[in-house]
Every structure is written in structure tokens, then in C-alpha cells.
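*Asks:* My questions concern the predicted model and sequence given below.
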Amino acid sequence: MTLTSYQKLAAHYKKYIDQSMQTIEKKFHPAILEDEELIRRAAFFVRNGVVSITNYYPQDHRVDFIVRDVSNIDVTYYPLTDTYNCPCPMHKPCRHIVAAIFYLYQQNDSLSTWISDWRSTADQAQLKLLRDERSPRSWDILVENFFRKFISNYPPNSFYLLEFAVHDLKTQIRKSRPFEREWQPIFDVYVNLTMLMKIWPYLEPFAESNMRNRVFHFLNEYLEDLDDSLAQLASKPRLFAADTFYEEMMNRVREFYFEMESLISYRKHVYLSFWDALVTNKATREKEVTYLQSLEKTEDDIPLNMVLPYFYITLSRIDDLLKAADHMKTEQLLEWVEVCEKALHSSNKELGIELARKLLPHIPTYLNEVAQNPSRVMLIRRLELLFDSIHLKTEELEKLYQSFGLYGIQSYSNLLIKEKRYQDWMALHQSANSSLEYAEACGLSIIKEEAPEVLLPLYHHYAMRYILEKNRYSYKQAIRIWKKMKQVAKKTNDTDFWNDYVETIREKYRRLRALQQEIEKGNLPL
């Protein structure tokens, strides 16, 4: 194509090229250093003749370019739809795409004038930021400016670098907090939420790698700070001038929960925290319930409307809540544990108790088939605390603790002691093969005071475990346990029984010389 044909092509698509230039103007801000650098590099490509048209397809309204950067880059531009293709990984137009559009634009207008006008808006933007700093737009520009700078300085190819960048970013942005105290909590919540949404796409890959636990730790700390800021904001009188911020935050929270991907439990936490702290209007909550009831969207087989029970509690829609609990699925147990905890902490404790009882049939299956080992222990402790706060029947508690397996022995032991079922307590620890130290932690001293004779079979069980190890250290440990048996026999006036027991042990293990020596030194007979 000749120069004249280039000009004809640009003139033919002038309206659409101008629209593409407007898109560039909106997407790139002269106050952001990285944006200014990209525009400068694109203009450099055009002025130095490294951009050229290779093909034009009129039927497709497609123009192909080649940009000679470090290597030759092929760019495709569709003027009618303002779309383009380039192998660069950038989310918004890269310097090659911008250079291609600049190349066509300068066939009709002055590129230098456009860049000069674009750059002149930087000072105006800064003045507007100062003049209109109490607007979501101004705070967004602030966050965007800092965010781009730090992400470029600390490329997020390592999670530790990303953590450092976020910490540094929060420190720098905090310097821009409003001077007025009543605006500071709003600023903290708004900025932290905006930053969380910006870093979320970077967190997803690390959450699926061997850095998973580190990501969880980072998010737990981040959300703890966010919850603190929300609590401070909720405790302050609501400013009329801040209504736009509240509205924008709730819109973003809904986008964060419903549109973002992965780590759904953290997204749910943020979503519910904002609804609890910032929305007190009943009509608004009812509107959200209507939306959630019609929502069929799921993620990893988890329905996103699982937050409905929390709204039912705050709206006192008890019938709806209990109906939802009746249709609870076992894999949703953890979510319903949180609902029970919230209900128990609210004024309606009876509701919490009724909900907790509905959990019981699902606990064994969840612990054995759904929960993973590290989280299983934490969940069992959480369930213990939950059911400690309500009054279950003895049979219900037994089934509950039995479903805990080995992790429920201590709680089951406490129940048996409370019921004065000392023989069952002894049988539990004997069958579970628990250590003497663990038995002592489960109330052995109480049994020793209340029914010492029950302990004789258990002490014998422990002593025999040491004898089977067949070394002098173990024999000494067996003697230590036999001395405890001796104290029990003396306390219960079972002298004859005890002396016969000692003689039987001596006779049975007469070939174990080291054991015989330890028995002599232990002075076991009464």
C-alpha cells in the first residue's frame, strides 16, 4: 500500500479510530507513571518508523500491523468493533496496540497535539483530586496510582514479594488518609476493600500451589484488619456526605462475592461482614434475600446463596431458617455451624439450640468423609464449644463424642465423670489405649478420689505395656505405675489382693532379671 492509500484507509475509518483514541484516553491516566511511559513508548515507535501496515482485509474490516520492538510483533486491529489482538499478556492495550492506533490516527490528525493535550490533563486531574477528594473516583485513582507503581516494582511472581508489596502499599496509602477523624474509618474500609479486589487475581494461583497455607495466613490477617476497620466504621455516626461511598462499597462487595473466583469462604466472610456492619435497612436486606432465593449459581458445587440463613437470622425469618436447615446437606455442615454460632450469640438462644440439634445427624459423615485431618481437629474443638453452650441429652452427647473418634475422648471422659460412670470411663481409656498422661488430663485424679478401685485394671494395663518393651527404663516406669496401684490397694484395704498380685507378677516374669531387681528396689509388697 502507498502512503496515499494509508491516508485513504485512515480517512475511511476516521470515526472509529477516534473512538479507539477515546478508549486509550480513558484507560490510561497521565498521572500514573506506567501509563505515561507506555504512551511515550508507543509514540516513539510511530515517530521512528518501526510501525507498518502489512495487510488490509476490507471484507473483515481488519488491519494487520508489524511493530519492530525487541522482536517483530504482529498486531491485528478491527476498527469497527474497537478490538485488537497482540501476543502481549497485558490486560489493557499494550504499547504495540497503542502504537498501531497512533499510526492510523496521525494520518488524519496531529499525534503530538493529542499527546500534549492528554498530558495536560495530569495537572488538572491532580487539582481535581485535591478539590474533590471526597469521592470514590478520587480514592480509586489514588489506589490505582500506588498499586501500579508497587506491582511494577515488586513483580508478583513470588508470594513473598506480593506480601511485601501489599504491606508497603498499605503503608504508603495510609499517608493519604483524610485529616478529619470522621472520614478516616471510611477511607480505611474503602481502600482496603479496593486493594483486596485488585490483588485477588494474583492470590488465586498461589492458593492452588504449595503456598496455600501462607495465602490463608495472609488473608486471615488482612481480613482481621478489615473487620477491625468495619467495626470502627459501624460504631460511628453515618455521614450523609459518605452515602456514595457506602453505596459503592456494597456494590463492590457483591461483585467480590458473586463474580470473583476461588477461596469462596473468604469471599463469603467479606460479603457478610459488610452486610452486618454497613446495612441496617430492612427493605435493602429483604431485596437481597429475594435475589439470593432466585440465585442458582454455584461454585465447586457450593451454592452461592448459602448466605441466606444469615439474612433469615437478622430479619427474624425463623420459619424460613428452620425450613432451610431441614434441607441441609452434609457437605454444608461447616456453614451451618457458623449459622448456629451466630444464632447463639443473638438474642434468640432457643433458635440456636434447635439449629444445633439439626447438625447432629450430619456430624459423623462429615468428620469421616468430608473433613481433612488438619481441619478435622479444629472443627471438633469448635463443635465441642458449640454443644457445651446448649443442653443435650446424655444419649445425644454420647453419640456426638463417639462420632469424634479419638479426638472426642477427653469430652466423652468429662461426660462420664459428670454422670459418675467411672467403670465406663476406665473401659473407654483401656479400649482407646490412651497413655497414662492423657488419662490424667481426662480426669484420672477425680476417679482416684471418687472410685479408686476402678483404676486397678487400668493401671495394670499401663504397667503391662511397659513390661512388653523389655528394657530397664520401661521396667522403672512399670514400677512407678505399680506404686500407684499400691496406694489404691492400701486406700481400699485390699492388702491381700495386692500382695498376691505382686507375687503373681514376680512368678510370671522370674526370668526377667532386670525387672526382678527393680521390683526388689521398689519395695512393692504391703
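*Replies:* On my side now, so go ahead. Residues are numbered from 1 along each chain as shown.
*Asks:* From Glu37, how far off is Tyr103?
*Replies:* When Cβ to Cβ, to the nearest Å is the yardstick, Tyr103 and Glu37 sit 19 Å from each other. C-beta coordinates here come from the backbone N, C-alpha and C atoms, glycine included.
*Asks:* for stretch 367-374, which positions count as buried?
*Replies:* Within stretch 367-374, the residues scored as buried using 16 or more other Cβ atoms under 10 Å are 367, 370-371.
*Asks:* Between the residues you listed, which sits nearest Ile53?
*Replies:* For the buried residues of stretch 367-374, the residue nearest Ile53 by Cβ to Cβ is Val370; the value is 59.7 Å.
*Asks:* Lowest mean pLDDT among the helices and strands of this structure, which one is it?
*Replies:* For the chain, the helix or strand with the lowest mean confidence is helix 111-131, at a mean of 66 (criterion: mean pLDDT, DSSP states H and E).
*Asks:* following it, which helix or strand comes up?
*Replies:* For helix 111-131, the following helix or strand on the C-terminal side (DSSP states H and E) is helix 136-153.
*Asks:* From the chain's centroid, how far away is that following helix?
*Replies:* 24 Å (Cα atoms, centre = their mean, to the nearest Å).
*Asks:* Tabulate the CA atom coordinates of that helix in CSV.
*Replies:* Output of helix 136-153 as CSV, limited to C-alpha atoms (Å, rounded to 0.1, in the frame of the first residue of the first chain):
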residue,chain,number,x,y,z
PRO,A,136,-15.0,7.2,45.2
ARG,A,137,-13.4,8.2,41.9
SER,A,138,-10.6,10.2,43.6
TRP,A,139,-9.8,7.4,46.0
ASP,A,140,-9.8,4.9,43.2
ILE,A,141,-7.2,7.0,41.3
LEU,A,142,-5.1,7.2,44.5
VAL,A,143,-5.2,3.4,44.9
GLU,A,144,-4.6,2.7,41.2
ASN,A,145,-1.6,5.1,41.2
PHE,A,146,0.1,3.4,44.1
PHE,A,147,-1.0,-0.1,43.1
ARG,A,148,0.5,0.0,39.6
LYS,A,149,3.7,1.5,41.0
PHE,A,150,4.2,-1.2,43.6
ILE,A,151,3.2,-4.1,41.4
SER,A,152,5.7,-3.0,38.8
ASN,A,153,8.4,-2.6,41.5
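*Asks:* For that helix, what does the pLDDT average out to?
*Replies:* For helix 136-153, mean pLDDT rounds to 76.
*Asks:* in that helix, what's buried?
*Replies:* The neighbour-count check on helix 136-153 (16+ other Cβ under 10 Å) flags 136, 139, 141-151 as buried.
*Asks:* In terms of secondary structure, what does that helix contact?
*Replies:* Contact analysis of helix 136-153 by 3 or more Cβ pairs under 8 Å, 6 or more residues apart in numbering; DSSP states H and E lists helix 33-47, helix 111-131, helix 159-174, helix 184-207, helix 243-259 as its packing neighbours.
*Asks:* of all those, which lies closest to Glu440?
*Replies:* Closest approach to Glu440 among the helices and strands packed on helix 136-153 is made by helix 184-207 (41.6 Å; Cβ to Cβ).
*Asks:* quick one: least confident of the buried residues of stretch 367-374?
*Replies:* Minimum pLDDT for the buried residues of stretch 367-374 is recorded at Ala371 (73).
*Asks:* Chain neighbours aside, what residue packs nearest to that residue?
*Replies:* Excluding the flanking residues, the one nearest Ala371 by Cβ to Cβ, 6 or more residues apart in numbering is Leu379, at 5.8 Å.
*Asks:* Does that neighbour touch Ile363 like I think?
*Replies:* No - with contact defined as Cβ atoms under 8 Å, Leu379 does not count as touching Ile363 (9.1 Å).
*Asks:* OK, contacts around the residue nearest to Ala371?
*Replies:* Shown in contact with Leu379 (Cβ atoms under 8 Å, 6 or more residues apart in numbering): 334, 337, 367, 371.
*Asks:* how about the helices of the stretch 301-450 of the chain, start to end?
*Replies:* Under the criterion DSSP state H, counting those that start in this stretch, helices of the stretch 301-450 of the chain are mapped to 308-314, 318-326, 333-345, 349-359, 363-365, 373-388, 394-403, 409-418, 422-432, 436-441, 444-450.
*Asks:* Alright, that wraps it up for me.
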